[in-house]
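A.B. asks: Provide a 3D model corresponding to the input given below.
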Amino acid sequence: FLDVQEVKNIENEIDTEDCASFENLRKTGENEKYLCELIRKDSIIQFVKLMNKNVSLNKTTISPSIFETNLFLTKNEASLIEYAAFYGSIQIFQYLKINQHEMKPSLWLYAIHSNNPELIHILEESNVEPPDGSFESCLVESIKCHHNEIANYIKQVIFNDNKQIFNR
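C.D. replies: Just a heads-up that it's a prediction; the model follows:
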């Protein structure tokens, strides 16, 4: 998403060896931080080791990255548990949940992006309220993401297949 001039400015600031790395990270389009990689891969053992070494990570948010291309992640500052929900990282999500990370309503939208039904069920079982107290935004988000199974689940189970879901 960077224009040619922005790329040249960045390349001028980094040495030649780093240019190849920069280009690879740009093509990958994901946050380059080690912590983010562990979460995306659901590498629970390495994640727990990192958490135990650096206690300050326990209540942190994911640092923004110029390499991130997902608009949902660039517009919203994700907590660790939200980032884990976004990538469907069940083991890390469960670890964070057990370790008292806040289960905010926004988790629904992150979990929908993961397209992971298990996460949806965990949120239901944990009685996490939907954003704005309604599942309307969850249904809209699942449709935007083209996650039809989740959209159908919300429509059929949560809304009881009600034909008039929206008030508009």
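
A.B. asks: Okay, now the unreliable bits of the protein?
C.D. replies: Applying pLDDT under 70 to the chain picks out residues 1, 11-20, 55-59, 161-168.

A.B. asks: 90 - rerun?
C.D. replies: Under the criterion pLDDT under 90, the flagged ranges of the chain are 1-33, 51-71, 74-77, 99-102, 132-134, 155-168.

A.B. asks: what are the ranges of the helices in the protein?
C.D. replies: Secondary structure of the chain (DSSP state H): helices located at 4-13, 16-28, 34-40, 44-53, 71-75, 80-86, 90-98, 107-114, 117-125, 136-144, 148-153.

A.B. asks: list the helices and strands the first one packs on?
C.D. replies: The one in question is helix 4-13. Under the contact definition 3 or more C-beta pairs under 8 Å, 6 or more residues apart in numbering; DSSP states H and E, helix 4-13 sits against helix 16-28. C-betas here are computed from N, CA, C, even on glycine.

A.B. asks: what do you get for the fifth one?
C.D. replies: For helix 71-75, the helices and strands in contact under the criterion 3+ C-beta pairs under 8 Å, 6+ apart are helix 80-86.

A.B. asks: Run through the neighbouring helices and strands of the helix it packs on.
C.D. replies: helix 34-40, helix 71-75, helix 90-98, helix 107-114.

A.B. asks: hmm, back to that, will you turn the helices of the chain into TSV that also has distance to residue 65?
C.D. replies: TSV is the format used below for these (distance: least, C-beta to C-beta, whole Å):
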stretch	distance to residue 65
helix 4-13	13
helix 16-28	8
helix 34-40	8
helix 44-53	18
helix 71-75	9
helix 80-86	12
helix 90-98	18
helix 107-114	17
helix 117-125	23
helix 136-144	22
helix 148-153	27
